[in-house]
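K.L.:
Below: sequence and its predicted model.
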Amino acid sequence: IRARYGHGARLKYHKEWRMNKKLSGGGELIDQGSHLIDLSRFFLGNLKLKYSKLKSYYWKTNSKVEDNAYLVLENKNGCISFLHCSCTEWKNKFSFEIFCMKGKIEIRGLGGSYGMEKLILLMSNFGATFLPKNRFFFPLKLNSTDLPTGIKYKAGVSAQLKSAVIFAGLNSYGNTEIKEKEKSRDHTENLLKKNSQAIKVINGKEKRIKIFGKKYLNPVNINVPGDPSSAAFVTALTLLNKGSSIKIKNVGLNPTRIGFYEILKKQGANIKFKNLKKKNNEISGDIIVLNSKIKPIRASKKYYVNSTDEYPILFIVAALTKGISVFKGIKDLANKESNRIIEMQNVLSQIGIKTISSKDKLKIYGKGLFDASNKKIYVSKLGDHRICMSSFILAILTGAKLSIKNFETVFTSSPSFLKIMKSLGAKFEVQK
């Protein structure tokens, strides 16, 4: 057996929980090496250690945990297992090879946990090809097929991947079936429901979506309401700013998109939905927000799917609410445009907010609203619009001086953000 298991390195990885021995218990050997040892024992039985080496090549920490581990194991028949685990890879890596007398088995994992890799593999199942092979970033050449064929897909929490499968299924021969245990955003299926000849949605403990390929689609009139994710930033600003109130008109209030508001209402926030209406299976209405004294936030895993994009601004609300807030089930935030757990910890630490994170949980020790005019916040070129907007709100509320690189990423999701902030009295300077 020859096996490799590796984490993709990223900025400030040495400050994450894996490199803190008090939280992790050790380095790469017990983090990823234990999985490789377990797999080796499954195929080869009991093993004896013949050679081992633990090294810290790159990440230098006070905890002195290794960032690379090498093992050679042997069973009673002399079969060898050579193992290497690392957190200094360029991208996430998993490779497991079993050399047999009459053949070889090779198992490979994805180069990353989220995004282009999964999308490319899904579209390849329909028959599309992407060149160069095994590249998961642009530029790419996409070749369609004359005979796209429907697939069966078990959906995760990504509504984008689910939507991609729906659209690909509509243009494929045969049927495509999607099974969904955790209900993610459902805008795409709502939009298509009037075309019952092409799509059927069966709700239950496990949601099923059936797509009947190559059917004629009836045209629909679409009225797109305001984005609840963009409204979240103004909501947070109003909640925390003394004496403030606001009415945000005609916002999309799809039940799969309002987790942010439900979390805050549970903690005592004065948020109301008014003038509700339904069109094309989508609910919209006005959001009315009043400045409120809220309790520390307790957000369990069940809230994650319906408030994924709003967690950075929720972290700001938690930091400026007195007490300890706890967010669970958030590990996928590490796979967004940036590692939103680490990057938000970095932002908050610059104004003296204590945070503690583990793989799937974050604690924020909120101070309440305070004056940080003697502090400076710097956000590097992350390309993450949510981090940029959340940091902006934090600076407005605390008076901290803020410098953000790559702020133009905000204009992709909220082109009116600066205009709205200026109308509310925010002072800023755009440097080119």
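P.N.:
Thanks, I have it.

K.L.:
any weak-confidence spans in this protein?
P.N.:
Along the chain, the model assigns pLDDT under 70 to residues 63, 110-115.

K.L.:
For the chain, just list every one of the helices.
P.N.:
Here the chain has its helices, by DSSP state H, at 21-24, 28, 34-44, 116-125, 159-170, 187-192, 228-240, 259-266, 311-319, 340-349, 385-398, 417-423.

K.L.:
Pull out the C-alpha coordinates of the last one and format them as PDB.
P.N.:
The reference is to helix 417-423. The C-alpha trace of helix 417-423 is given here as PDB (Å, rounded to 0.1, in the frame of the first residue of the first chain):
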ATOM      1  CA  PHE A 417     -23.700  48.900  -0.900                       C
ATOM      2  CA  LEU A 418     -21.500  52.100  -0.700                       C
ATOM      3  CA  LYS A 419     -24.300  54.300  -1.900                       C
ATOM      4  CA  ILE A 420     -26.600  53.000   0.800                       C
ATOM      5  CA  MET A 421     -23.900  53.300   3.500                       C
ATOM      6  CA  LYS A 422     -23.200  56.900   2.300                       C
ATOM      7  CA  SER A 423     -26.900  57.800   2.600                       C
END
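
K.L.:
chain center to that helix, what's the gap?
P.N.:
27 Å (C-alpha atoms, centre = their mean, to the nearest Å).

K.L.:
quick one on the thing from earlier: of the helices of the chain, which approaches residue 247 most closely?
P.N.:
Closest to residue 247 of the helices of the chain is helix 228-240 (C-beta to C-beta; 9.9 Å). From N, CA and C alone the C-beta is placed, and that goes for glycine too.

K.L.:
Give me the helices and strands touching that closest one, please.
P.N.:
Judged by 3 or more C-beta pairs under 8 Å, 6 or more residues apart in numbering; DSSP states H and E, helix 228-240 is in contact with strand 245-252, helix 259-266, strand 270-279, strand 282-290, helix 311-319, helix 385-398, helix 417-423.

K.L.:
could the ones you listed be laid out in TSV, adding mean neighbour count and distance to residue 341?
P.N.:
Listed next are these as TSV, based on neighbours: other C-beta atoms under 10 Å; distance: least, C-beta to C-beta, whole Å:
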stretch	mean neighbour count	distance to residue 341
strand 245-252	16	27
helix 259-266	21	17
strand 270-279	13	25
strand 282-290	19	26
helix 311-319	27	9
helix 385-398	25	11
helix 417-423	14	23
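
K.L.:
And the residue nearest the centre of the protein?
P.N.:
residue 333 (3.5 Å; C-alpha atoms, centre = their mean).

K.L.:
and that one, what is it in contact with?
P.N.:
By C-beta atoms under 8 Å, 6 or more residues apart in numbering, the residues touching residue 333 are 308, 311, 339, 340, 341.

K.L.:
Pretty sure residue 418 sits against residue 427.
P.N.:
No. Applying C-beta atoms under 8 Å as the test, residue 418 and residue 427 come out as separate, 11.4 Å apart.

K.L.:
about what we covered before: looking at the helices of the chain, which is closest to residue 252?
P.N.:
Closest of these to residue 252 is helix 228-240, at 5.4 Å (criterion: C-beta to C-beta).

K.L.:
any chance of the helices of the chain in JSON lines, plus distance to residue 253?
P.N.:
Listed next are those as JSON lines, based on distance: least, C-beta to C-beta, whole Å:
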{"stretch": "helix 21-24", "distance to residue 253": "39"}
{"stretch": "helix 28", "distance to residue 253": "45"}
{"stretch": "helix 34-44", "distance to residue 253": "42"}
{"stretch": "helix 116-125", "distance to residue 253": "28"}
{"stretch": "helix 159-170", "distance to residue 253": "16"}
{"stretch": "helix 187-192", "distance to residue 253": "12"}
{"stretch": "helix 228-240", "distance to residue 253": "7"}
{"stretch": "helix 259-266", "distance to residue 253": "8"}
{"stretch": "helix 311-319", "distance to residue 253": "18"}
{"stretch": "helix 340-349", "distance to residue 253": "24"}
{"stretch": "helix 385-398", "distance to residue 253": "20"}
{"stretch": "helix 417-423", "distance to residue 253": "19"}
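
K.L.:
just so I know, which of these lies nearest residue 82?
P.N.:
When the helices of the chain are compared (using C-beta to C-beta), the closest one is helix 34-44, at 9.4 Å.

K.L.:
Can you give me the distance of residue 290 to residue 145?
P.N.:
As for residue 290, its distance to residue 145 is 55 Å (criterion: C-beta to C-beta, to the nearest Å).

K.L.:
same question, residue 279
P.N.:
36 Å.

K.L.:
again with residue 221
P.N.:
32 Å.

K.L.:
What of residue 170?
P.N.:
Taking C-beta to C-beta, one finds residue 170 at 15 Å from residue 145.

K.L.:
Over to residue 118?
P.N.:
19 Å.

K.L.:
So for those two, which residue has more residues nearby?
P.N.:
For residue 118 and residue 145, the more surrounded residue by other C-beta atoms under 10 Å is residue 118, and the numbers stand at 18 against 12.

K.L.:
So for the more buried one, what's the nearest residue that isn't a sequence neighbour?
P.N.:
Nearest non-adjacent residue to residue 118, counting by C-beta to C-beta, 6 or more residues apart in numbering: residue 161, 5.9 Å away.

K.L.:
likewise residue 299?
P.N.:
Using C-beta to C-beta, 6+ apart, the closest residue to residue 299 is residue 327 (4.8 Å).

K.L.:
That neighbour contacts residue 362, doesn't it?
P.N.:
Yes. Using C-beta under 8 Å, residue 327 makes contact with residue 362 at a distance of 4.7 Å.

K.L.:
circling back: reformat the contacts of residue 333 as TSV; add distance to residue 42.
P.N.:
TSV is the format used below for the contacts of residue 333 (distance: C-beta to C-beta, whole Å):
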residue	distance to residue 42
308	35
311	37
339	32
340	35
341	32
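
K.L.:
Now the two most distant members of those residues.
P.N.:
Across the contacts of residue 333 (C-beta to C-beta), the longest gap, 14.1 Å, separates 308 and 339.

K.L.:
Can you list the buried residues in stretch 38-51?
P.N.:
For stretch 38-51, the neighbour count (16 or more other C-beta atoms under 10 Å) marks 39, 40, 44, 47 as buried.
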